[in-house]
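A.B. asks: Have a look; sequence and predicted model below, questions after that.
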Amino acid sequence: MNAIKRSILACSVFCLNLSPLVSQAMQPENPVACVEGSTISIGFGGHTTNCELENPTDRDRFQFSASGSDMVRVIVLSGTNGLDPVVEVRGPNGPEIVGTSFCSGNIPGRLPFRCSFSVDITPSISGKHTLAISDSGFNEEGNYETNLQCLFRICPDDETPPPPASLPGDIDLDGDVDHDDLDLLLAARNTLAVSEDDKRDLDGDGKITAKDARILTTLCTNSLGAVFLFGSGIIGLLVCRVRQERLAL
């Protein structure tokens, strides 16, 4: 009987100590749309949609914030048979790789298949971290999905509200609408939208055209160069709208 009491007491202490960690490890699932040509912000609990390595040498980049007490897990799932995705995680200091892993969808004697993997990292310093995804052999292209989880400790996204909705026309998700967004839209002109919520398809007709670009020029909020030169975002409106000359069909 005493042994049973000791076991119950030990279990209760363990469970009480573990429960905060379990609750902190839970994050809401938030879809994050991939936009080619820009570094995409992703939070804990975020999972990507419509991500694609468009050519064998393509490399997609994502950015997330983490502290030195977090344990972070990055999960990657290939959506194309034969793709060999690899992830590299770099810290705030730049080129130093703090975590890397990959899987192969090609094994001799087998047909190409889809693979998946995960990599766990514990950041040594707090700040914005970057993860890059590419094909490990630079010889395959295809679709993939990635998911970011904070396993233990602070997990800041647990306690913070979801980010506010982005501005219409803010294609690179940097908080303003300027010539950078216009360049991204023009680079995809005369192509189909990748989804119903493609931020480049401003008129919602399923296509990215000069009409979307004209709409974007009416939404401009800022121009980085104009801010530096004139100290006023109002000038940025003029700079962005002057670029309508590039929209001639």
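C.D. replies: Now that the structure is in, tell me what you want to look at.
A.B. asks: After the lengthiest strand in the chain, which helix or strand is next?
C.D. replies: Of all segments of type strand in the chain, defined using DSSP state E, the longest is strand 142-152. Using DSSP states H and E, the helix or strand that follows strand 142-152 in sequence is helix 179-187.
A.B. asks: chain center to the next helix-or-strand element following that next one, what's the gap?
C.D. replies: Heading C-terminal from helix 179-187, the first helix or strand you meet, by DSSP H and E, is strand 191-192. Relative to its chain's centre, strand 191-192 lies at 22 Å (C-alpha atoms, centre = their mean, to the nearest Å).
A.B. asks: So which other helices or strands are in contact with the longest strand of the chain?
C.D. replies: Judged by 3 or more C-beta pairs under 8 Å, 6 or more residues apart in numbering; DSSP states H and E, strand 142-152 is in contact with helix 2-24, strand 46-49, strand 51-53, strand 59-66, strand 71-78, strand 127-135. Where you see a C-beta, it was placed from the backbone N, CA and C, and this is true even at glycine.
A.B. asks: among these, which gets the worst mean confidence?
C.D. replies: Across the helices and strands packed on strand 142-152, helix 2-24 has the smallest mean pLDDT, namely a mean of 39.
A.B. asks: Mind checking what helix or strand follows that helix in sequence?
C.D. replies: Helix 2-24 is succeeded, C-terminally, by strand 30-33 (DSSP H and E).
A.B. asks: Figure out how far that following strand is from the centre of its chain.
C.D. replies: From the chain centre to the centre of strand 30-33 is a distance of 8 Å (C-alpha atoms, centre = their mean).
A.B. asks: Run me through the strand neighbours of that strand, direction for each.
C.D. replies: Strand 30-33 has its sheet partners listed here by DSSP bridges as strand 46-49 (parallel).
A.B. asks: how about the strand it pairs with: buried residues?
C.D. replies: Gly46, His47, Thr48 (16 or more other C-beta atoms under 10 Å).
A.B. asks: domains for this protein, by residue range?
C.D. replies: Annotated domains of the chain cover 23-158, 179-247 [automatic domain parsing].
A.B. asks: How far does the longest one sit from its chain's centre?
C.D. replies: When you say that, I think you mean domain 23-158. 8 Å.
A.B. asks: what's the closest non-adjacent residue to Pro31?
C.D. replies: What sits nearest to Pro31 in space, not counting adjacent residues and going by C-beta to C-beta, 6 or more residues apart in numbering, is Thr49, at 5.1 Å.
A.B. asks: same deal with Leu77?
C.D. replies: That would be Ser116: by C-beta to C-beta, 6+ apart, it lies 4.2 Å from Leu77.
A.B. asks: my read: that neighbour touches Gly79, true?
C.D. replies: No: between Ser116 and Gly79 there is no contact under C-beta atoms under 8 Å: 9.9 Å.
A.B. asks: low-scoring stretches of the chain, by residue?
C.D. replies: Low-confidence segments of the chain, defined by pLDDT under 70, span residues 1-29, 152-166, 222-249.
A.B. asks: rerun at 80
C.D. replies: The chain contains residues with pLDDT under 80 at 1-30, 36-37, 68-69, 93-98, 152-166, 174-175, 179, 221-249.
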